[in-house]
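K.L.:
Provide a 3D model corresponding to the input given below.
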Amino acid sequence: MINRRALLRAGIMAGGLLAGATSAGTAVLAQTAQRSYDTAPDQRPSTPDQAWATLREGNRRWVTGTTTHPHQDAARRKEVAQKQDPFAVVFSCIDSRVAPELVFDTGLGDLFVVRTAGQTIDPLVTGAAEYGPAELGTPLVVVLGHQRCGAVTAAAESLHEHKSLPGELSTIASSLRSAYTRSGGDVDKMIRINTVDVVNRLKKDKLFAPRIAKGKLKVIGAYYSIDTGEVTRLV
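P.N.:
Numbers count the residues shown, from 1 in each chain. Down below sits the predicted model:
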């Protein structure tokens, strides 16, 4: 004799298992689609505004703890092995807490990153920043200052006490002297002033200026909060 209750119960369980399998399959397909989207070459931002929007969205994910770690797999490594085409240059401090690839949730081949103490600049650094826009048409340069910068703090103390820092660290203090004077010695103001100064200097660069005039390049300044992880635009 057929046990109808047992059959009904088995049917319900099978349906649940199939639904679970379908959901799992859908999730896998979605993840695969996302990976394909992340690695598609036509997804590279091609304008300054698109590039900045992409960085802002990546930073939003970093702030909210929803990072996707795009372009960080073997497929991407293979894709960029012979050719790179980053969509932005990020010029930031060497501080270990301010890694642009993490701050903007990017991956291999997405950014040119130039880092110096206190994002101080000289001809060699300028040349490094020039490479992407001049040679590959990279549409955006971001000068990124940050909260509690140790280099700027040391420079401010050195200038305040009229004591030289050891070795080439004194060069950093010299580079920040103007920002120190205009900030009244306030470290956070120094960081912001120096960031804007570097932006203005790069805007006048002989390789950048023509591209900026044609709308092919933007140089912007931003500030990173170590406390919150948020990047805010200064200029």
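K.L.:
now the strands for the protein?
P.N.:
88-93, 111-116, 140-146, 218-224, 231-233 (DSSP state E).
K.L.:
what packs against the second one?
P.N.:
The reference is to strand 111-116. Packing partners of strand 111-116 (3 or more Cβ pairs under 8 Å, 6 or more residues apart in numbering; DSSP states H and E): strand 88-93, helix 100-103, helix 123-131. For every residue, glycine as well, the C-beta is placed using N, CA and C.
K.L.:
okay, those, which one's buried deepest?
P.N.:
Of those, the one with the most neighbours on average (mean count of other Cβ atoms under 10 Å) is strand 88-93, at a mean of 26.
K.L.:
what about this structure, any weak spots by pLDDT?
P.N.:
Counting by pLDDT under 70, the chain shows low-confidence ranges at 1-42.
K.L.:
related to what we said a few turns ago, could the strands of the chain be laid out in CSV, adding distance to I172?
P.N.:
Converted to CSV, these look like this (distance: least, Cβ to Cβ, whole Å):
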stretch, distance to I172
strand 88-93, 11
strand 111-116, 8
strand 140-146, 14
strand 218-224, 19
strand 231-233, 23
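K.L.:
hmm, back to that, got the helices and strands packed on strand 111-116 as JSON lines, with distance to R115 columns?
P.N.:
Below are the helices and strands packed on strand 111-116 laid out as JSON lines (distance: least, Cβ to Cβ, whole Å):
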{"stretch": "strand 88-93", "distance to R115": "5"}
{"stretch": "helix 100-103", "distance to R115": "8"}
{"stretch": "helix 123-131", "distance to R115": "9"}
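K.L.:
Let me see the ranges of the helices in the chain.
P.N.:
4-39, 48-64, 74-79, 100-103, 123-131, 150-161, 169-175, 177-183, 187-203, 208-213 (DSSP state H).
K.L.:
Next, format the ones you listed as JSON lines and append distance to P86.
P.N.:
Output for the helices of the chain, formatted as JSON lines (distance: least, Cβ to Cβ, whole Å):
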{"stretch": "helix 4-39", "distance to P86": "14"}
{"stretch": "helix 48-64", "distance to P86": "9"}
{"stretch": "helix 74-79", "distance to P86": "13"}
{"stretch": "helix 100-103", "distance to P86": "11"}
{"stretch": "helix 123-131", "distance to P86": "10"}
{"stretch": "helix 150-161", "distance to P86": "25"}
{"stretch": "helix 169-175", "distance to P86": "26"}
{"stretch": "helix 177-183", "distance to P86": "28"}
{"stretch": "helix 187-203", "distance to P86": "17"}
{"stretch": "helix 208-213", "distance to P86": "15"}
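K.L.:
Minimum distance to A151: which of the helices and strands packed on strand 111-116 has it?
P.N.:
strand 88-93 (6.5 Å; Cβ to Cβ).
K.L.:
quick one: strands adjacent to the closest one?
P.N.:
strand 111-116 (parallel), strand 140-146 (parallel) (DSSP bridges).
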